[in-house]
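Undergrad: need a 3D model of the sequence below.
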Amino acid sequence: MTETGEGQDITRVILTSDRFRAWIDDRSIGHVRVIKRINFCIIISAIRQIASIQKKDSENSQTIRIYIPRSLMSINSENLQVFIQFARDCGNILIEIIEIEEL
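TA: Numbers count the residues shown, from 1 in each chain. Just a heads-up that it's a prediction; the model follows:
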């Protein structure tokens, strides 16, 4: 099963709901796939849990990819950009936003 379409296997599912999926792949890269409109606090909670697990697994900088449908990008973009900058500056976490097509 692949969530991203990039051929990556899901190795550890962290959180799952009808609105999003969060997991860490076999390269210790975190992924959050937003399916429906979601509260920003839930995204932060998922990222916090992923980062915590990544930190236990490796002392290197962490990477988390957030996949957001095009229709939701404008809703979350300002908050996400501020959070991404904070994560880079304070948490040694690289967060990538990837715009995806609707399901």
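Undergrad: for the residue nearest to the spatial centre of the chain, list each beta-bridge partner.
TA: A centroid search over the chain (C-alpha atoms, centre = their mean) returns residue 32, at 3.0 Å, as the residue closest to the centre. Listed beta-bridge partners, residue 32: residue 22, residue 66 (assigned using DSSP bridges).
Undergrad: where does it land on pLDDT?
TA: If you check residue 32, the pLDDT there is 92.
Undergrad: just checking, what packs against the least confident helix or strand in the chain by mean pLDDT?
TA: Taking mean pLDDT, DSSP states H and E as the measure, the helix or strand of the chain with the lowest value is strand 10-16, at a mean of 72. On a contact count with 3 or more C-beta pairs under 8 Å, 6 or more residues apart in numbering; DSSP states H and E, strand 10-16 meets strand 20-25, helix 40-57. Heads up, the C-betas are built off the backbone N, CA and C, glycines and all.
Undergrad: tell me which of these sits most buried.
TA: strand 20-25 (a mean of 21; mean count of other C-beta atoms under 10 Å).
Undergrad: and that strand, what does it pack against?
TA: Other elements packing on strand 20-25 under the criterion 3+ C-beta pairs under 8 Å, 6+ apart are strand 10-16, strand 30-34, helix 40-57.
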